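Asker: Please work out how this folds:
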Amino acid sequence: MDRQRISRLAHAHHPIAAPLADDSVARLLERALGGRESGRALDLGCGEGAWLLRALTARPGWRAVGVDVDAAALTRARETATALGVAGRIGLHHRDAREFTDREPFDLVLCVGATHAFDGLLPTLAAARELLAPGGRLLVGEGFWEHQPSRAALDGLGAAAEDFADLATTTDRVLAAGWTPVYGHVSTVREWDDYEFSWTGSLAAWALDHPEHPDAAAVREAADHHRSGWLDGYRGTLGFVTYLLRRD
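Answerer: A predicted model of the protein is given here:
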């Protein structure tokens, strides 16, 4: 089974593809949208459009654009947008986020849990800079090391130690790239555990509900492998920070 379908199944009950609780998402969006009653938002790696659909529901004067390589996720986003009555205010593009351009800049750019699309945080910041209007804001979510990772943590993530830094160093890099954090949220252990149990549990439940499906064994294996990598490896080691940034 391809990784995109695995991800869709895993996020069935946690549409925000990051360790963030609903109240954290609401608070981050409120700060990101600010006092503006109208504007344009762009989500790079939007998946099923959860961030944008929440924004459009909260602010009728806003319009949005989402970009993702997963065609099925974009189809779900369109269906949800239609059900919510906001389909006329959102455009969805099936393409690599690195290739996206637009004639008009955006008042808000989001890339939460999708910086891998640009091969890391700093390239994501550089790409966002080209798409953001003067005075606009960037909401970006990225991993960091809570403490020095063990071999088990690195193996559980399939990562290298240099893939992330600690929170202070990560923030210093953001500042050095010409951005100022004006708000932020560090995901709690409770948010992480809820996210990981939802991720692995949704996969396991699907496999149990579809025992005759040719992909059932692969889905169950993906759930078990991920759960082991988390519980026996990176739990408590990998953190997640969501910055609200403005350009210097």
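Asker: OK, contacts around residue 39?
Answerer: Neighbouring residues of residue 39 by C-beta atoms under 8 Å, 6 or more residues apart in numbering: 33, 59, 61-63, 106-108. In this view, the C-beta of every residue, glycine as well, is placed from N, C-alpha and C.
Asker: Make CSV out of these and add neighbour count.
Answerer: Compiled in CSV, the contacts of residue 39 are given as follows (neighbours: other C-beta atoms under 10 Å):
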residue, neighbour count
33, 20
59, 19
61, 10
62, 22
63, 19
106, 22
107, 22
108, 26
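Asker: Which members of those are positioned in helices?
Answerer: Here DSSP state H is the test, and these give residue 33 as lying in helices.
Asker: Which of the contacts of residue 39 fall within strands?
Answerer: Those of the contacts of residue 39 mapping onto strands are 61-63, 106-108, per DSSP state E.
Asker: Helices of the protein, residue ranges please.
Answerer: 3-10, 22-33, 50-58, 71-84, 121-131, 151-157, 167-176, 189-209, 216-229.
Asker: between these, which one is nearest to residue 100?
Answerer: Checking the helices of the chain against residue 100 by C-beta to C-beta gives helix 121-131 as the closest, at 7.8 Å.
Asker: Turn the contacts of residue 39 into JSON lines, including distance to residue 45 and pLDDT.
Answerer: Output for those, formatted as JSON lines (distance: C-beta to C-beta, whole Å; pLDDT from 0 to 100):
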{"residue": "33", "distance to residue 45": "19", "pLDDT": "97"}
{"residue": "59", "distance to residue 45": "21", "pLDDT": "97"}
{"residue": "61", "distance to residue 45": "25", "pLDDT": "97"}
{"residue": "62", "distance to residue 45": "19", "pLDDT": "98"}
{"residue": "63", "distance to residue 45": "19", "pLDDT": "98"}
{"residue": "106", "distance to residue 45": "15", "pLDDT": "98"}
{"residue": "107", "distance to residue 45": "19", "pLDDT": "98"}
{"residue": "108", "distance to residue 45": "15", "pLDDT": "98"}
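Asker: Let me have the helices of the chain in TSV, extended by distance to residue 246.
Answerer: Formatted as TSV, the helices of the chain follow (distance: least, C-beta to C-beta, whole Å):
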stretch	distance to residue 246
helix 3-10	30
helix 22-33	11
helix 50-58	18
helix 71-84	27
helix 121-131	11
helix 151-157	31
helix 167-176	11
helix 189-209	25
helix 216-229	35
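Asker: Of these, which stretch is the most buried?
Answerer: Of all those, helix 50-58 has the most neighbours on average by mean count of other C-beta atoms under 10 Å, namely a mean of 21.
Asker: Show me what it is packed against.
Answerer: Under the contact definition 3 or more C-beta pairs under 8 Å, 6 or more residues apart in numbering; DSSP states H and E, helix 50-58 sits against helix 22-33, strand 38-44, strand 61-68, helix 71-84, strand 90-94, strand 106-112.
Asker: Using JSON lines, please lay out these together with distance to residue 6.
Answerer: Formatted as JSON lines, these follow (distance: least, C-beta to C-beta, whole Å):
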{"stretch": "helix 22-33", "distance to residue 6": "23"}
{"stretch": "strand 38-44", "distance to residue 6": "21"}
{"stretch": "strand 61-68", "distance to residue 6": "15"}
{"stretch": "helix 71-84", "distance to residue 6": "12"}
{"stretch": "strand 90-94", "distance to residue 6": "19"}
{"stretch": "strand 106-112", "distance to residue 6": "19"}
